[in-house]
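> below is the structure, and that's it, no one-letter string:
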């Protein structure tokens, strides 16, 4: 009996120990820096903190990274990271027997606000962000309809939809508010909706609060002084304006504060618009409502939010025939997909307001130009003059013009940039949403050449 009890005890002891997984902590920076000795802690589900150890030393510029710690951690979900006195929220899950990476974005020895990434996919995304693949939203200081501060800290950790509007606009602005009403019903809880005025002289917090009540809005409206709003909208090329003068703009900012996509023009809201907004529309606004806008609406924004909340991957499986098209180029010539029959083709959808598009375009021009494939650039929804002037600044000769976005829709475009790799037989080998990595491009060109 004693022997049996002893064996049972020996069997039970390991099972009573908490199961663990391995946490690997790495550091990266926007530019090379160093980290003084600091204690790294994780916040557990019960809001208690567990110290992991001390980290220090050189931190390289992303996409390079340096391992700071590797240790066994009890399984479970953790909700925050603290480095010295810096605290950042994060969703981190440790699974028994598995390795979980945690990336810390460091600047001048401190955690970068919003730059903590957990999991392989998030870490890969984070390295791209820290390496400058995306443009960060500059610091700003505004107030909401209740007078509370709205700044980078307020939006950190959420994917944010930002729209330019003002309460005295009777054309496109009410349609943006109708779009937000649709998004508010369908967007995930991690998404923040933010309408920011372009008319500080009229849109005080009290005016915005009244507007929110009138339309039944549950999201944040923001305003500020003339200088603060001018600075906020400058990166989006939006000028301050009142009345029916405006630049219709909607931007998506990811949870780490990077601008990922910008829409221009009139959204498609269909019949899902409250009577109070319909009656506020001018004759031109009613015409815009009836026209169906510029071809994008809540489904497109929701799909884009899904895309930017995960790593940049193909939005749809490969395969199938590439949809035929016939478009005019910026130099006036007519181009058809069939003109490239028998040759592999790289089709890149882009726009001038898309920072990742600009970053990858010279690489596409150079690398595809050295391959057996043909590069076809397709501008989404902009005028010939706008696209031609932009391309001239990059020393690129021409692009096709998808002015009504029909070709982009045919290819399933949900976000810019998007690149389609077409085999010589006219079938799609790969769809890539987001900025291309040069190594991925080289690999795909090699595949196309071998088929």
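Yes, it's here. Keep in mind that what you see is a predicted model, and the values were worked out from it rather than measured.
> need the three-state assignment for the residue nearest to residue 149 when sequence neighbours are not counted.
Distance criterion Cβ to Cβ, 6 or more residues apart in numbering; nearest residue to residue 149, sequence neighbours excluded, is residue 143 at 6.2 Å. For the C-beta atoms, the positions are set from N, CA and C on the backbone; glycine is no exception. Following DSSP: H, G, I helix; E, B strand; the rest coil, we place residue 143 in the strand state.
> got it, and the one 4 residues further on?
Classification of residue 147 by three-state DSSP places it in coil.
> tell me, how many residues neighbour the closest residue to it other than its chain neighbours?
Leaving aside its sequence neighbours, residue 147 sits nearest to residue 205 (Cβ to Cβ, 6+ apart; 5.0 Å). Burial of residue 205, expressed as a neighbour count using other Cβ atoms under 10 Å, amounts to 17.
> and residue 205, what does it touch?
143, 144, 145, 146, 147, 223 (Cβ atoms under 8 Å, 6 or more residues apart in numbering).
> of these, which is the nearest to residue 248?
residue 223 (18.4 Å; Cβ to Cβ).
> quick check: the closest one touching residue 202?
No: between residue 223 and residue 202 there is no contact under Cβ atoms under 8 Å: 9.2 Å.
> which one of those two is surrounded by more residues?
Per other Cβ under 10 Å, whichever of residue 223 and residue 202 has more neighbours is residue 223, with 27 against 14.
> per-residue pLDDT, residue 15?
On pLDDT, residue 15 comes in at 42.
> what is residue 347 paired to in the beta sheet?
Note on residue 347: beta-bridge partners residue 376, residue 420, judged by DSSP bridges.
> I figured it was touching residue 426, is that so?
No: using Cβ under 8 Å, residue 347 is not in contact with residue 426, being 11.9 Å away.
> anything in contact with each of those two?
residue 322.
> neighbour-wise, which of those two wins?
Legend: neighbour count by other Cβ under 10 Å for residue 347 and residue 426, higher for residue 347 (23 against 18).
> so how far is residue 336 from the more buried one?
Using Cβ to Cβ, to the nearest Å, residue 347 is found at 13 Å from residue 336.
> same question, residue 410
In terms of Cβ to Cβ, residue 410 sits 14 Å off from residue 336.
> what do these two both touch?
With Cβ under 8 Å, 6+ apart, residue 410 and residue 336 have common neighbours residue 325.
> the one helix or strand residue 81 maps to: partners in the sheet, and parallel or antiparallel?
In the assignment (DSSP states H and E), residue 81 maps to strand 76-83. Strand pairing for strand 76-83, using DSSP bridges, gives strand 33-44 (antiparallel), strand 86-94 (antiparallel).
> what angle do the helix or strand following the first one and strand 33-44 make?
If you walk from strand 33-44 toward the C-terminus, the next helix or strand you reach (DSSP H and E) is strand 49-59. Counting by axes from the mean of the first three to the mean of the last three Cα atoms, to 10 degrees, strand 49-59 points 160 degrees away from the direction of strand 33-44.
> for strand 49-59, name the packing helices and strands.
With contacts defined as 3 or more Cβ pairs under 8 Å, 6 or more residues apart in numbering; DSSP states H and E, strand 49-59 has these neighbours: strand 20-29, strand 33-44, strand 66-74.
> what are the buried residues along it?
Using 16 or more other Cβ atoms under 10 Å as the test for burial, strand 49-59 gives 52, 55, 59.
> run the chain-centre distance for that strand.
29 Å (Cα atoms, centre = their mean, to the nearest Å).
> pLDDT of that strand, averaged?
Strand 49-59 comes out with an average pLDDT of 93.
> where does the closest residue to residue 176 other than its chain neighbours sit: helix, strand or coil?
Setting aside the residues directly before and after it, residue 176 is nearest to residue 163 in space (Cβ to Cβ, 6+ apart), at 4.6 Å. Classification of residue 163 using three-state DSSP returns strand.
> go on, residue 285?
Residue 285 - assigned by three-state DSSP - is helix.
> ok, now residue 184?
Recorded secondary structure, residue 184: helix (three-state DSSP).
> I figured it hits residue 218, correct?
Yes: the pair residue 184 / residue 218 is scored as a contact, 5.7 Å apart, by Cβ under 8 Å.
> tally of neighbours for residue 159?
21.
> hmm, I typed the wrong one, I wanted residue 97.
A count of nearby residues for residue 97, using other Cβ under 10 Å, gives 9.
> now do the contacts for it.
19, 21.
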